[in-house]
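J.: mind folding the following:
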Amino acid sequence: MPGLLVSLTPQAFSGKPEFTEKDVVIAIGANTGVGNETAWMAYARHARVYTPARSEVKTRRVIRRDPGGGGTPPRAREAS
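T.: Okay, here's the model as predicted:
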């Protein structure tokens, strides 16, 4: 079993990911916590960020706190 883990590790962590203007990130739970940080990190790297959420109002509050970045700003879409 340890040999399998060692052989899969290089495939799982094949290097530093690179973002381009064509990258799309769907950040679940972007209103708070880890989801929020993930959304802004992707945005800062010029990814197009979508943030499905139960509350469009709360998500729009997060989007208004735009820390800059240069990507396509996160978009709010209410999930049903």
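J.: point out where the chain drops to low pLDDT.
T.: For the chain, applying pLDDT under 70 flags the ranges 1-21, 66-80.
J.: and the strands in it, which stretches?
T.: Under the criterion DSSP state E, the chain contains strands at 24-26, 48-53, 72-78.
J.: which outside residues touch stretch 28-39?
T.: 25, 27, 49, 51, 52, 53, 55, 58, 59, 62, 74 (C-beta atoms under 8 Å, 6 or more residues apart in numbering). C-betas here are computed from N, CA, C, even on glycine.
J.: what comes up buried for stretch 44-63?
T.: 45, 47, 48, 49, 50, 51, 52, 53, 59, 62, 63 (16 or more other C-beta atoms under 10 Å).
J.: coming back round to it: would you mind giving the contacts of stretch 28-39 as JSON lines with distance to residue 41 added?
T.: Output for those, formatted as JSON lines (distance: C-beta to C-beta, whole Å):
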{"residue": "25", "distance to residue 41": "9"}
{"residue": "27", "distance to residue 41": "9"}
{"residue": "49", "distance to residue 41": "10"}
{"residue": "51", "distance to residue 41": "13"}
{"residue": "52", "distance to residue 41": "18"}
{"residue": "53", "distance to residue 41": "18"}
{"residue": "55", "distance to residue 41": "22"}
{"residue": "58", "distance to residue 41": "20"}
{"residue": "59", "distance to residue 41": "17"}
{"residue": "62", "distance to residue 41": "14"}
{"residue": "74", "distance to residue 41": "12"}
